[in-house]
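Chemist: I'd like to go over a predicted model; first the sequence, then the structure.
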Amino acid sequence: MKQYHFIAIGGAVMHNLALALLEKGYQVTGSDDEIYEPSKTRLQNAGILPDSQGWFPEKIHTQLDGILLGMHARIDNPELIRAQELGIPVYSFPEFIFNQSQNKKRVVIAGSHGKTSITSMILHVLKDQGMDFDYLVGAQIEGFDLMVRLSDAPIIVIEGDEYLTSPLDRTPKFFHYQHDILLVSGIAWDHFNVFPDFEDYKNQFAMLMNRTPTTGSLIYCSADPLVKEAAEKSPCLGEKIGYQAHPSQITDGKTSLITPKGEVEIGIFGEHNLQNLQGALHICEALGLSREKFYASIQNFKGAAKRQEILVQHDSGVLFRDFAHAPSKLKATVNAVKNQFPKRRLLAVQELHTYSSLNKAFLPNYAHSMELADTAVIYLNPHAVALKKLELMSEEMLREGFQRKDLILFTDSTTLSEFLLSEDYVDTNLLLMSSGNYDNLDLEPLKHKFLSYATQP
């Protein structure tokens, strides 16, 4: 029985990978200095939650087949140092995923935005069509117990992140997967703390495209000028397929695909999601599925968690939650909701939570990203700003950066909650966007308020 130890087991992907290896029959242990929900309960239920939080070099022994090193760990981690002293192989999770999938066809979904949505669509269709496949995705998806699966399947579909691999490897994760088929959805500056130079950031995607093998495929969103330019310049000799948004129409707030065999109503909407869907369609075709089978399965796709997720709705309003945080994601989500429901007022709330979004130097990238919102609100937590050792931006500074003179700023979640609960939601959609949680803002009162608008029988 193979034995692996996880340093920083509590991370979203790390704990899912730990559970996947346990399911595969491996022996798994781990450590972390902080483990939050849902990781904590899931690890506990599986019997591999560490007894104590912290780092314990005594857990590292020569019987281990390898160490899985999470990005959260520091380079001077005592367990890592002990593993290096004993000569135990140390893997980042991207390296380990490749190690486990060398004999599979590897499909990598990359891009500054849309990765999780496209990967989720592909997984949904493949599962619905009864195909056998492995996967790695960055969010929990309905119908899938884990975010990772490793088996004897001939295919693996991987959400390829451009963020750093590990404390020992400061290159993007997506280089390690050595793709056969690559999709690039978009390029828009992100991870400002790691890539402070935009040219360097763009170059990571160009280098990834260049690694497409002669027998492989490069599928790229030609609607994105930066992606189109990089793909057309790429010397890769594999097949190149450009795509744009799938033809569609909106009727009474519902989006339908226009296909050669008629309209197909779907549960997602927005120009960016129609681009995502078209990309997913090309991947599924490359894996041997017909368009007819794709259309049959995509109809009941509800989206990935926190991607235009409907928390509750009434007759003339919807409460949405979305993961959008980078400028391109924010703009795409705001525009999608407004264009889907043009006659409804849109109240959009964005939490500035990441290092990039809280950085004054990065702020101009948010210009006009909330333009279509009727009411634009920003929330930022002064404590989060202080932890990142950044300057707390004023309302005036944010108004200038977002190019919204009427933008409203909140720095206290209680005050934000009172404001949202005081609003009238007749003919109104509320869009909550964040990669955080508004400092543990309780959404239940908002849900109840929305439900109170529903027509009584």
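Modeler: On my side now, so go ahead.
Chemist: quick check: buried residues in stretch 190-197?
Modeler: By 16 or more other CB atoms under 10 Å, the buried positions in stretch 190-197 come out as 190, 191, 192, 194, 195. Just so you know, the C-beta spots here come from the backbone N, C-alpha and C atoms, and that holds for glycine as well.
Chemist: quick one: secondary structure of the first one?
Modeler: Right, the one you point to is residue 190. Following DSSP: H, G, I helix; E, B strand; the rest coil, the label given to residue 190 is coil.
Chemist: against residue 295, how distant is it?
Modeler: To residue 295, residue 190 is 32 Å away according to CB to CB, to the nearest Å.
Chemist: ditto for the second one
Modeler: Going from residue 191 to residue 295 by CB to CB gives 35 Å.
Chemist: you'd agree residue 142 is up against residue 302?
Modeler: Yes. Counting by CB atoms under 8 Å, residue 142 touches residue 302, with 6.0 Å between them.
Chemist: which one of the two has more residues nearby?
Modeler: Counted by other CB atoms under 10 Å, residue 142 and residue 302 do not tie: residue 302 has more neighbours, with 17 against 12.
Chemist: which helix or which strand is home to the more buried one?
Modeler: Under DSSP states H and E, no helix or strand contains residue 302.
Chemist: now do the same for the closest residue to residue 372 other than its chain neighbours: helix, strand or coil?
Modeler: Nearest residue to residue 372 in three dimensions, chain neighbours excluded: residue 338, at 4.1 Å (CB to CB, 6 or more residues apart in numbering). Using three-state DSSP, the structure places residue 338 in helix.
Chemist: looking at residue 338 now. What's its pLDDT?
Modeler: pLDDT, residue 338: 93.
Chemist: got a list of what it touches?
Modeler: By CB atoms under 8 Å, 6 or more residues apart in numbering, the contact list for residue 338 reads 346, 372, 373.
Chemist: show me what counts as buried in the lowest-mean-pLDDT helix or strand in the chain.
Modeler: Every helix and strand in the chain was compared by mean pLDDT, DSSP states H and E; the lowest is helix 355-358, with a mean of 78. By neighbour count on 16+ other CB under 10 Å, the buried set for helix 355-358 is 355, 356, 357, 358.
Chemist: which one of these is nearest to residue 217?
Modeler: The closest of these to residue 217 turns out to be residue 356 (CB to CB; 31.2 Å).
Chemist: any idea how far that closest one lies from residue 365?
Modeler: Distance of residue 356 to residue 365, given as CB to CB: 8 Å.
Chemist: between the two, what contacts are shared?
Modeler: Both residue 356 and residue 365 are contacted by residue 189, under the criterion CB under 8 Å, 6+ apart.
Chemist: for the protein, longest helix please?
Modeler: helix 271-286 (DSSP state H).
Chemist: roughly how far is it from the heart of the chain?
Modeler: Counting by CA atoms, centre = their mean, to the nearest Å, helix 271-286 is centred 16 Å from the centre of its parent chain.
Chemist: any idea which helix or strand comes after it?
Modeler: helix 291-298.
Chemist: toward the C-terminus, what is the element adjacent to that next one?
Modeler: The C-terminal neighbour of helix 291-298 among helices and strands, as given by DSSP H and E, is strand 309-314.
Chemist: list the buried ones in that following strand?
Modeler: By 16+ other CB under 10 Å, the buried positions in strand 309-314 come out as 312, 314.
Chemist: quick one: list the elements packing against it.
Modeler: Judged by 3 or more CB pairs under 8 Å, 6 or more residues apart in numbering; DSSP states H and E, strand 309-314 is in contact with strand 317-322, helix 444-451.
Chemist: for residue 256, give me its contacts.
Modeler: So residue 256 contacts 248, 249, 250, 263, 264, 265, 266 (CB under 8 Å, 6+ apart).
Chemist: about what we covered before: need the contact partners of the least confident helix or strand of the chain.
Modeler: By CB under 8 Å, 6+ apart, the residues outside helix 355-358 that reach it are 189-193, 325-326, 352, 362, 366, 380, 384-385, 388, 390, 393.
Chemist: quick one, which of those are buried?
Modeler: Among those, those buried by neighbour count (16+ other CB under 10 Å) are 189-192, 325-326, 352, 362, 366, 380, 384-385, 393.
Chemist: adding pLDDT and distance to residue 423, write these out as JSON lines.
Modeler: JSON lines is the format used below for the buried ones among the contacts of helix 355-358 (pLDDT from 0 to 100; distance: CB to CB, whole Å):
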{"residue": "189", "pLDDT": "76", "distance to residue 423": "33"}
{"residue": "190", "pLDDT": "74", "distance to residue 423": "31"}
{"residue": "191", "pLDDT": "72", "distance to residue 423": "34"}
{"residue": "192", "pLDDT": "65", "distance to residue 423": "32"}
{"residue": "325", "pLDDT": "75", "distance to residue 423": "23"}
{"residue": "326", "pLDDT": "81", "distance to residue 423": "26"}
{"residue": "352", "pLDDT": "88", "distance to residue 423": "21"}
{"residue": "362", "pLDDT": "85", "distance to residue 423": "29"}
{"residue": "366", "pLDDT": "91", "distance to residue 423": "23"}
{"residue": "380", "pLDDT": "91", "distance to residue 423": "20"}
{"residue": "384", "pLDDT": "82", "distance to residue 423": "25"}
{"residue": "385", "pLDDT": "85", "distance to residue 423": "26"}
{"residue": "393", "pLDDT": "89", "distance to residue 423": "24"}
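Chemist: of all the residues you listed, which comes closest to residue 2?
Modeler: Ranked by distance to residue 2 (CB to CB), those are led by residue 191 at 33.3 Å.
Chemist: check residue 38 and give its pLDDT.
Modeler: 89.
Chemist: any idea how far the residue lying closest to residue 443 once chain neighbours are set aside is from residue 423?
Modeler: Leaving aside its chain neighbours, residue 443 sits nearest to residue 311 (6.7 Å; criterion: CB to CB, 6+ apart). From residue 311 across to residue 423, the span is 15 Å (CB to CB).
Chemist: per-residue pLDDT, residue 456?
Modeler: On pLDDT, residue 456 comes in at 46.
Chemist: and the helices in the stretch 351-457 of the chain, which stretches?
Modeler: Shown for the stretch 351-457 of the chain, the helices assigned by DSSP state H, counting those that start in this stretch span residues 355-358, 382-387, 395-402, 413-422, 444-451.
Chemist: kindly report the same for the stretch 51-200 of the chain.
Modeler: Using DSSP H, counting those that start in this stretch, the helices found in the stretch 51-200 of the chain span residues 78-86, 93-100, 115-128, 198-210.
Chemist: and of these, who's closest to residue 271?
Modeler: helix 115-128 (12.7 Å).
Chemist: burial count for the nearest residue to residue 81 once chain neighbours are set aside?
Modeler: Closest residue to residue 81 apart from its sequence neighbours, by CB to CB, 6+ apart: residue 57 at 7.4 Å. A count of nearby residues for residue 57, using other CB under 10 Å, gives 16.
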